[in-house]
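> got a sequence here, can you model it:
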Amino acid sequence: MNDMDGLGIEPMIARSYERYYASGLYDRRYPRHNPRSLAAILEVGGKARGILDFGCGDGRYTLPLLHTTEATIYGYDICPMALSGLRTRLAGETARARVRLVQGPTEHYTDGQPIDLALIMFGVLGHVPGRAARIAILRRIRKLLSAEGEGRLVISVPNANRRFRTEQREHDALRAAGTPEAPALEEGDILYSRGAGKERIELFYHLYTPESLSAELREAGFGDIRMRVESVLSESAVTRSGFWRAVDGALYGVTPLALGYGILATART
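The predicted structure follows:
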């Protein structure tokens, strides 16, 4: 990743994600997309003509959408290493001309082209510090979606009720004491770490409740917001193991939204 001027992406976070991708840990933890999330995307956007995959990484959703839709897909990311990986994966795709990669930092996520479906999957929005910065991103995406009529957004975020409870307590205490650790300055913000060999990589996350996600989407101008559980078990388990995907499927129908590992929402412009 690079610094994104005016959108609140700190250079520290940018460097951390480059290291995360470079270590190979990211792909080992999340080797594929979540099939249920892909089904939700296709449910509202299977006939889309233009799709933005915001924070596409190395193509976890870009490639399945290339295979299941006829859309032009704009893969936007500010991590050069992730986009390089996606270019490599696209090399063997006969329909690769329908994928256009846009490297940030830039406010032009599709090089100015209108879209009718946008994805912000896998907690990508939660890696943006600052509520104002996140809403600015959502507003830019809504403008692209509204350029030629009504558009749809699909977004998944980490659930504060299930994720990083220890880190939440630590950062809540720091903020209450008036000594927050930047960039975790606002309610719901944390810093956490992932292991890569002998080193630890520190990362930022903003955790959501259904209410806080709805509030950000509405402030950005979205309506008809509908939420569901993204997964019950961890995303790592669901994306790595067919057995745990089956277990997750059995739990999915009886798990309330507040207890999902992630929150998946769809919205209209």
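> what segments of this structure are helices?
11-23, 25-29, 35-45, 62-68, 80-90, 131-146, 165-176, 210-219, 235-240, 242-252 (DSSP state H).
> can you put the ones you listed in TSV and add mean pLDDT?
Putting those into TSV (pLDDT from 0 to 100) gives the following:
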stretch	mean pLDDT
helix 11-23	69
helix 25-29	74
helix 35-45	95
helix 62-68	97
helix 80-90	93
helix 131-146	96
helix 165-176	97
helix 210-219	98
helix 235-240	91
helix 242-252	95
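> please name whichever of the ones you listed is nearest to residue 258.
Judged by C-beta to C-beta, the one of those that comes nearest to residue 258 is helix 210-219, at 6.8 Å. C-beta: built from backbone N, CA, C; applies to glycine.
> what's the burial count for residue 35?
By other C-beta atoms under 10 Å, 13 other residues sit near residue 35.
> what residues are up against it?
Contacts for residue 35 were tallied using C-beta atoms under 8 Å, 6 or more residues apart in numbering; they are residue 245.
> residue 44 versus that one, what's the distance?
Distance check for residue 35 against residue 44: by C-beta to C-beta, to the nearest Å, it reads 16 Å.
> now swap in residue 137 and tell me
Noted for residue 137: a distance of 20 Å to residue 44, by C-beta to C-beta.
> and what of residue 18?
Distance from residue 18 to residue 44, counting by C-beta to C-beta: 32 Å.
> got it, and residue 138?
Noted for residue 138: a distance of 17 Å to residue 44, by C-beta to C-beta.
> cool, residue 21 as well?
Distance from residue 21 to residue 44, counting by C-beta to C-beta: 29 Å.
> more neighbours, these two?
Higher neighbour count among residue 21 and residue 44: residue 21, with 20 against 16, using other C-beta under 10 Å.
> right, and the more buried one touches residue 84 too?
No. Using C-beta atoms under 8 Å, residue 21 is not in contact with residue 84; the gap is 9.2 Å.
> surely residue 151 meets residue 119?
No. Using C-beta under 8 Å as the test, residue 151 is too far from residue 119 to be in contact (11.6 Å).
> give the closest residue to residue 189 in space, chain neighbours not counted.
Spatial nearest neighbour of residue 189, chain neighbours left out: residue 206 (5.3 Å); criterion: C-beta to C-beta, 6 or more residues apart in numbering.
> that neighbour: neighbour count?
Here the number of neighbours of residue 206 (other C-beta under 10 Å) works out to 26.
> got the contact list for it?
Taking C-beta under 8 Å, 6+ apart, we find residue 206 in contact with 125-129, 134, 186, 188-190.
> ok, now with 10 Å
Residues near residue 206 by C-beta atoms under 10 Å, 6 or more residues apart in numbering: 123, 125-131, 133-134, 157-158, 160, 183-184, 186-190, 212, 216.
> per-residue pLDDT, residue 148?
With respect to pLDDT, residue 148 scores 82.
> look at it and say how many residues are nearby.
So residue 148, with other C-beta under 10 Å, has 12 neighbours.
> the one 5 residues further on too?
By the other C-beta under 10 Å criterion, the neighbourhood of residue 153 contains 25 residues.
> what do you get for the one 4 residues further on?
Number of residues near residue 157 (other C-beta under 10 Å) recorded here: 29.
> pretty sure it contacts residue 138?
No. Look at residue 157 against residue 138 with C-beta atoms under 10 Å: they stay out of range, at 11.8 Å.
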